[in-house]
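Undergrad: Return a 3D structure for these sequence lines:
(one chain, ligands or ions: 3)
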Amino acid sequence: MNNEIVNRFAIAGEAASCERYGNGHINETYLAVSTSGARYILQKINQTVFRDVPALMRNISSVCEFLRARDPDPRHSMRIVPPREGGSFLYDESGAAWRMYDFVEDSLCLEAPETAEDFYQSAVAFGTFQRQLAEFPAETLAETIPHFHDTPDRFRQLHEAADSDPLGRKKLVARELEFAFAREEEAGALVGMLAKGELPLRVTHNDTKLNNVMLDASTRKPLCVIDLDTVMPGLAAYDFGDSIRFGASTAAEDERDLEKVTMSLPLFETFVRGFTSACTTLTANERETLPMGAKLMTLECGIRFLADYLVGDTYFRIHRPDHNLDRCRTQFKLVADMEAKWAEMARIVSKA
Ligand code: ADP
Ligand code: GN1
Ligand code: MG
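TA: Ligands and ions are numbered 1, 2, ... in the order given. Predicted coordinates for the structure are as follows:
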């Protein structure tokens, strides 16, 4: 079945194999290999999450073209493999939307930094990405997920999920709800500054997990940033913050032993150095909001996992019962740890 889909794209030769690949929570990703030995990433786009696939693919095509025009190295930006029938994606008979990219070869995609230097290089990659897109015509981009990092709106959704409580899970998460709602007032810190004109609206990636950047397998230097579905207007602190949330944690996003979960100040410091050195467009206010970006992106991700747990795990792919609750708990543990380390985080940013 999937080989048939693969053959509908303009690959070199014919489909030889197609297997599930990667650890993304949203799309279905496959590694496709052709009879010529060329490798490709095939993805079934999650249409519950991305409701307007043509607009999504227009965004990605134009960002890839923009980046490629500035740096033609084929491993330094993603290349969409077009369907043989034309366009940038296709629908199968069931209505599922599929797209394909060249596989970025001789690369590493990490779930956790193996060394501080890996994390530094990922900071350079995301900082460079944002700097490069400073010139991108933001008004041409569609908002692929409206209110994506609107933290107050995420709280509204959490209230809605808790009020409707369709599976009777609310009683199991009283502590988590209390933790979240105790921080609701802070949720508007960044969007409030944006509304007052204190922060510039940038073109940002918005999903800067370490596993959304490719490093060169031999030099371990950045090749390119992937997973461009959420490239939209946003704040610098979102990209900084989401990277800290995921990569500066001492444990996996779904670790059950919360003793293991802390926000590493040395990794935080490493990322601050890499990001601020590459993202030369940052204003003084943007720099100052970086710690708040880390805290709010982590809190927001935690409440998104919690709301999804309450409504029955309809958004994030889960691999075990309570997976989203486990993920929520790691995020809240990180938030508490950031609160304890707040003064030090601010000091590190002010020194950078
Ligand atoms: P999701 O939105 O579900 O996170 P991604 O686009 O991040 O999907 O893809 C999932 C994983 O597939 C990535 O973390 C990476 O390991 C791998 N991947 C995606 N695109 C490429 C590519 N062009 N080359 C190599 N690996 C890729
Ligand atoms: C999702 O697609 P993926 O797995 O890179 C999510 C992010 C969350 C992240 C949590 C489009 O990222 O917003 O921060 O899971 N992406 C979308 O791991 O919602
Ligand atoms: Mg991803």
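
Undergrad: From the structure, what's the count of residues near Ser350?
TA: By other C-beta atoms under 10 Å, 12 other residues sit near Ser350. (Each C-beta comes from the backbone N, C-alpha and C, glycine too.)

Undergrad: Quick one: distance of the host helix or strand of it to the chain centre.
TA: Remark: Ser350 resides in helix 342-351, with elements defined by DSSP states H and E. How far helix 342-351 lies from its chain's middle: 24 Å, per C-alpha atoms, centre = their mean, to the nearest Å.

Undergrad: So for that helix, what gets flagged as buried?
TA: Neighbour-count burial for helix 342-351, counted by 16 or more other C-beta atoms under 10 Å, picks out 345, 348-349.

Undergrad: Go through those residues and say which is closest to Pro137.
TA: Of all those, Val349 has the smallest distance to Pro137: 30.0 Å, by C-beta to C-beta.

Undergrad: And the strands in this structure?
TA: Along the chain, counting by DSSP state E, strands occupy 15-20, 28-34, 39-45, 90-91, 97-102, 107-108, 202-204, 213-216, 222-225, 232-234.

Undergrad: Apart from its neighbours in sequence, what residue is nearest whichever residue of the stretch 251-352 of the chain sits closest to ligand 1?
TA: Using C-beta to the nearest ligand atom, the closest approach of the stretch 251-352 of the chain to ligand 1 is made by Arg317 at 8.0 Å. Nearest residue to Arg317 in three dimensions, chain neighbours excluded: His25, at 5.1 Å (C-beta to C-beta, 6 or more residues apart in numbering).

Undergrad: what about the one you found, distance to ligand 2?
TA: 4 Å (C-beta to the nearest ligand atom, to the nearest Å).

Undergrad: Just confirm the residue of the stretch 251-352 of the chain closest to ligand 1 contacts Gly22, I think it does.
TA: No: using C-beta atoms under 8 Å, Arg317 makes no contact with Gly22, being 11.2 Å away.

Undergrad: count of residues packed around the residue in the stretch 151-300 of the chain positioned nearest to ligand 3?
TA: Relative to ligand 3, the nearest point of the stretch 151-300 of the chain is Asp227 (3.7 Å; C-beta to the ion). By other C-beta under 10 Å, 22 other residues sit near Asp227.

Undergrad: I'd like to know how far the closest residue to it other than its chain neighbours sits from ligand 2.
TA: Among residues not flanking Asp227 along the chain, Asn212 sits closest, at 4.1 Å (C-beta to C-beta, 6+ apart). According to C-beta to the nearest ligand atom, Asn212 stands 5 Å off from ligand 2.

Undergrad: Likewise for Ser350?
TA: Ser350 is 27 Å from ligand 2, by C-beta to the nearest ligand atom.

Undergrad: tell me the contacts of that residue?
TA: Glu288 (C-beta atoms under 8 Å, 6 or more residues apart in numbering).

Undergrad: What does the pLDDT read for it?
TA: On pLDDT, Ser350 comes in at 96.

Undergrad: What of Asn46?
TA: For Asn46, the predicted pLDDT is 97.

Undergrad: Now tabulate the strands of the chain in JSON lines and tack on distance to ligand 1 and mean neighbour count.
TA: Below are these laid out as JSON lines (distance: least, C-beta to the nearest ligand atom, whole Å; neighbours: other C-beta atoms under 10 Å):
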{"stretch": "strand 15-20", "distance to ligand 1": "10", "mean neighbour count": "15"}
{"stretch": "strand 28-34", "distance to ligand 1": "4", "mean neighbour count": "19"}
{"stretch": "strand 39-45", "distance to ligand 1": "4", "mean neighbour count": "20"}
{"stretch": "strand 90-91", "distance to ligand 1": "17", "mean neighbour count": "16"}
{"stretch": "strand 97-102", "distance to ligand 1": "4", "mean neighbour count": "21"}
{"stretch": "strand 107-108", "distance to ligand 1": "6", "mean neighbour count": "16"}
{"stretch": "strand 202-204", "distance to ligand 1": "16", "mean neighbour count": "24"}
{"stretch": "strand 213-216", "distance to ligand 1": "6", "mean neighbour count": "22"}
{"stretch": "strand 222-225", "distance to ligand 1": "8", "mean neighbour count": "24"}
{"stretch": "strand 232-234", "distance to ligand 1": "14", "mean neighbour count": "20"}
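
Undergrad: looking at those, which is closest to Cys279?
TA: Judged by C-beta to C-beta, the one of these that comes nearest to Cys279 is strand 202-204, at 9.4 Å.

Undergrad: The closest one near ligand 2 at all?
TA: No: Strand 202-204 lies out of reach of ligand 2 by C-beta under 6 Å from any ligand atom, never closer than 12.2 Å.

Undergrad: So for that strand, mean pLDDT?
TA: On average, strand 202-204 scores 95.

Undergrad: now swap in stretch 73-89 and tell me
TA: Computed over stretch 73-89, the average pLDDT equals 97.

Undergrad: Not counting it itself, show me its contacts.
TA: For stretch 73-89, contacts defined as C-beta under 8 Å, 6+ apart pick out 8-11, 40, 45, 53, 57-58, 60-61, 64, 67-68, 71, 90, 97-102, 104-107, 214, 216, 223-224, 226, 228.

Undergrad: at 7 Å what do you get?
TA: 8-11, 40, 53, 57, 60-61, 64, 67-68, 71, 90, 97-102, 104, 223-224, 226, 228 (C-beta atoms under 7 Å, 6 or more residues apart in numbering).

Undergrad: near ligand 3 at all, it?
TA: No: using C-beta under 5 Å from the ion, stretch 73-89 stays clear of ligand 3, coming no nearer than 12.2 Å.
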